[in-house]
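> I'd like to go over a predicted model; first the sequence, then the structure.
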Amino acid sequence: QVHLVESGGGLVQAGGSLRLSCAASGGAFSTYAMGWFRQAPGKERELVAAISWSGRTTYYADSAKGRFFISRDNVEHTTSLQMSRLKPEDTAVYYCAADGGGPDTVHTILAQGYDYWGHGTQVTVSS
């Protein structure tokens, strides 16, 4: 069982930056691909960025490309999402998720493919 705790959300003006962090405990973190999802009111949960267990492979949604950067530290058991040039449409609850097992790649962009989830952190971008 992997326990994930997100931090770093908050209120920021459009054009600003935020760094989200996710601390993992209770499992073999270095064998899990990690993802950052977000869910805005009335919308489906979507994958924003993901990273393979070694960090060699990453995935970014089109909306995140060039603005967001995902990273991980397999010693500290953390994954982070650096978000820049934020837009009001980035407003959502952001969730950290772990996809256990498998090869060193991003296995899926679908939420149902992830095994463990944090409780989420709110990001609000004001215009």
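Alright, I've got the coordinates. Numbers count the residues shown, from 1 in each chain.

> shouldn't Y95 be within a helix?
No - applying DSSP: H, G, I helix; E, B strand; the rest coil, one finds Y95 to be strand, outside a helix.

> what bridges to L81?
L20, I70 (DSSP bridges).

> thought it was touching V48?
Yes - L81 lies in contact with V48 (C-beta atoms under 8 Å); the separation is 7.1 Å. Yep, even glycine has a C-beta here, placed from its N, CA and C like the rest.

> what sits in contact with each of these two?
Taking C-beta atoms under 8 Å, 6 or more residues apart in numbering as the contact rule, L81 and V48 both touch 36, 68, 94.

> and which of the residues you listed is nearest to G113?
Among the shared contacts of L81 and V48, W36 lies closest to G113 (C-beta to C-beta), at 14.1 Å.

> helix, strand, or coil at H119?
Three-state assignment for H119 (three-state DSSP): coil.

> now the one 5 residues further on
The local conformation at T124, judged by three-state DSSP, is strand.

> how close does the closest residue to it other than its chain neighbours sit to T31?
Leaving aside its chain neighbours, T124 sits nearest to L11 (4.7 Å; criterion: C-beta to C-beta, 6 or more residues apart in numbering). As defined by C-beta to C-beta, to the nearest Å, L11 lies at a distance of 35 Å from T31.

> more neighbours: which of the two?
Using other C-beta atoms under 10 Å as the criterion, L11 and T31 rank with T31 on top: 15 against 12.

> do a quick rundown of the strands in the protein.
For the chain, the strands defined by DSSP state E occupy 3-7, 10-13, 18-25, 32-39, 46-51, 58-60, 68-73, 78-83, 92-100, 116-117, 121-126.

> in JSON lines, list those strands along with mean pLDDT.
JSON lines is the format used below for these (pLDDT from 0 to 100):
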{"stretch": "strand 3-7", "mean pLDDT": "97"}
{"stretch": "strand 10-13", "mean pLDDT": "98"}
{"stretch": "strand 18-25", "mean pLDDT": "97"}
{"stretch": "strand 32-39", "mean pLDDT": "97"}
{"stretch": "strand 46-51", "mean pLDDT": "98"}
{"stretch": "strand 58-60", "mean pLDDT": "97"}
{"stretch": "strand 68-73", "mean pLDDT": "98"}
{"stretch": "strand 78-83", "mean pLDDT": "98"}
{"stretch": "strand 92-100", "mean pLDDT": "96"}
{"stretch": "strand 116-117", "mean pLDDT": "96"}
{"stretch": "strand 121-126", "mean pLDDT": "98"}
